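K.L.:
the following block contains a protein sequence and its predicted model.
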Amino acid sequence: MAFGDEFVRLKYPWVLFLVLVVFLRSGDCYSHKVFEYDDVKNTANVTMADKIFPPYNLADFTWEDVNATLNHTTLTAEFNGHNVSAAGLFKNGSISFKVSAFETTGRDAVLPRLLHNANSSKMEFVVDRVVPRGNYSRFMLEMVIVEKKANHRVMKSIHSIDDEYTPSIFEMTELVAVPQNSSAIHSFVQWKVVAYQSSKYQHDDSIPCADHELQVINQTFPSNSIAGAYFSETLDNCNIASINISFGIAEGDYYKDHNFLSWSIMIGCGNPLEDTFSILVICIMAVGLGTPVLLLILGCVVVKYSDYGPIN
């Protein structure tokens, strides 16, 4: 797949911190995949799948011209891919990656409403109207991370008591790149542990996503891959790791019930973006915590200055 020159100029600033999240690349030995498995028992656990179908090799896909979707006003573009070898399954559907750049600090307009700034970019993975190969199909995405060996990557879960922006979701996963012998953070990848089964991105359409253990890959990329093209001769001095993200909940709906799946991540340089309480939440907390204290104080004052004597 080729990048348009315009897209390269638009997006490459956010990879200057030398970390690259790779979804699409060439070379049979190193191609990454979208997995589909038949979850007859409805456990949403890929290790208990009744059948794992041959994975979709993204290097074998035919990709539409990204320049057709490049929007300089909204700073967005889409990579829409189709599997030629399974054309019947992709007749009206596609697997796509939607990317967005930002000029200011703010939140995405749709759920999960990820926080962003000018040093971050959003990438959204979408499976839309692809015909499932099983009656109980679910999907899992393999994500690969490439970075300089001078860094080591730390993965952690961030919990919050505030679900104002993403209702019922109190957890975020972060992958941060930290230089050796330093506490400074060079880059990050973060996502809410939620995906959506409708392009309306409503709370009722949400399903959990699960991140599996980060695995080190002791291989390299071919020169004609995206990672090979960006890192060039320095690729041999990079760390490469992969992580699988699966989607769904036990006893929940299958992909065929909606024929749509969307999951978003934020990629950036510098410290990870942190959610803070909004003024509305602070006011609600102040009222909720302050009112009982105020009533207690008033009660003590009334008792102290009351004319009633002690009860024997």
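P.N.:
Yep, that arrived.
K.L.:
the longest strand in the chain is where?
P.N.:
strand 137-148 (DSSP state E).
K.L.:
how distant is that strand from the center of its chain?
P.N.:
Its chain's C-alpha centre and that of strand 137-148 lie 10 Å apart, by Cα atoms, centre = their mean, to the nearest Å.
K.L.:
may I see the buried residues of the helix or strand that comes right after that strand?
P.N.:
Scanning forward in sequence from strand 137-148 by DSSP states H and E, the next helix or strand is strand 151-159. Within strand 151-159, the residues that count as buried by 16 or more other Cβ atoms under 10 Å are 151, 153. To be clear about C-beta, it is placed using only N, CA and C from the backbone, and glycine gets the same treatment.
K.L.:
from S100, how far off is the residue nearest to the spatial centre of the chain?
P.N.:
A centroid search over the chain (Cα atoms, centre = their mean) returns I265, at 2.8 Å, as the residue closest to the centre. For I265, the distance to S100 equals 11 Å [Cβ to Cβ, to the nearest Å].
K.L.:
so for those two, which residues contact both of them?
P.N.:
122-124 (Cβ atoms under 8 Å, 6 or more residues apart in numbering).
K.L.:
just the pLDDT at S100, thanks.
P.N.:
S100 is assigned a pLDDT of 91 by the prediction.
K.L.:
repeat for the one 5 residues further on
P.N.:
Per-residue confidence (pLDDT) for T105: 93.
K.L.:
quick one: residues contacting the spatially closest residue to E64 that is not a sequence neighbour.
P.N.:
Nearest non-adjacent residue to E64, counting by Cβ to Cβ, 6 or more residues apart in numbering: N80, 4.5 Å away. Residues near N80 by Cβ under 8 Å, 6+ apart: 63-64, 69, 94, 96.
K.L.:
need the helices for this protein, in chain order.
P.N.:
Assigned by DSSP state H, the helices in the chain fall at 5-11, 226-231, 279-304.
K.L.:
for the stretch 1-150 of the chain, give me the ranges with low pLDDT.
P.N.:
For the stretch 1-150 of the chain, applying pLDDT under 70 flags the ranges 1-31.
K.L.:
on that earlier part again, redo the contacts of N80 as TSV? Include distance to W191 and neighbour count.
P.N.:
As requested, the contacts of N80 are exported to TSV (distance: Cβ to Cβ, whole Å; neighbours: other Cβ atoms under 10 Å):
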residue	distance to W191	neighbour count
W63	23	18
E64	25	16
T69	22	17
S94	22	19
S96	17	19
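K.L.:
in strands, which of these appear?
P.N.:
Judged by DSSP E, the contacts of N80 include 63, 94, 96 as members of strands.
K.L.:
A227: which of the residues you listed is nearest?
P.N.:
W63 (16.6 Å; Cβ to Cβ).
K.L.:
roughly how far does the closest one sit from D39?
P.N.:
29 Å.
K.L.:
list the contacts of the residue nearest to the centre of the chain.
P.N.:
I265 neighbours (Cβ under 8 Å, 6+ apart): 21, 114, 122-124, 189-191.
K.L.:
neighbour count and distance to G270 added to those residues, as CSV?
P.N.:
As requested, the contacts of I265 are arranged in CSV below (neighbours: other Cβ atoms under 10 Å; distance: Cβ to Cβ, whole Å):
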residue, neighbour count, distance to G270
V21, 18, 16
L114, 23, 16
K122, 19, 16
M123, 20, 17
E124, 19, 22
V189, 23, 13
Q190, 20, 12
W191, 23, 17
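K.L.:
among these, which one lies nearest to T73?
P.N.:
Among these, and counting by Cβ to Cβ, the member closest to T73 is K122, at 16.2 Å.
K.L.:
find the nearest non-adjacent residue to the closest one, please.
P.N.:
In space, K122 is closest to S100, 4.4 Å off (Cβ to Cβ, 6+ apart).
K.L.:
same question for L175.
P.N.:
That would be V189: by Cβ to Cβ, 6+ apart, it lies 4.4 Å from L175.
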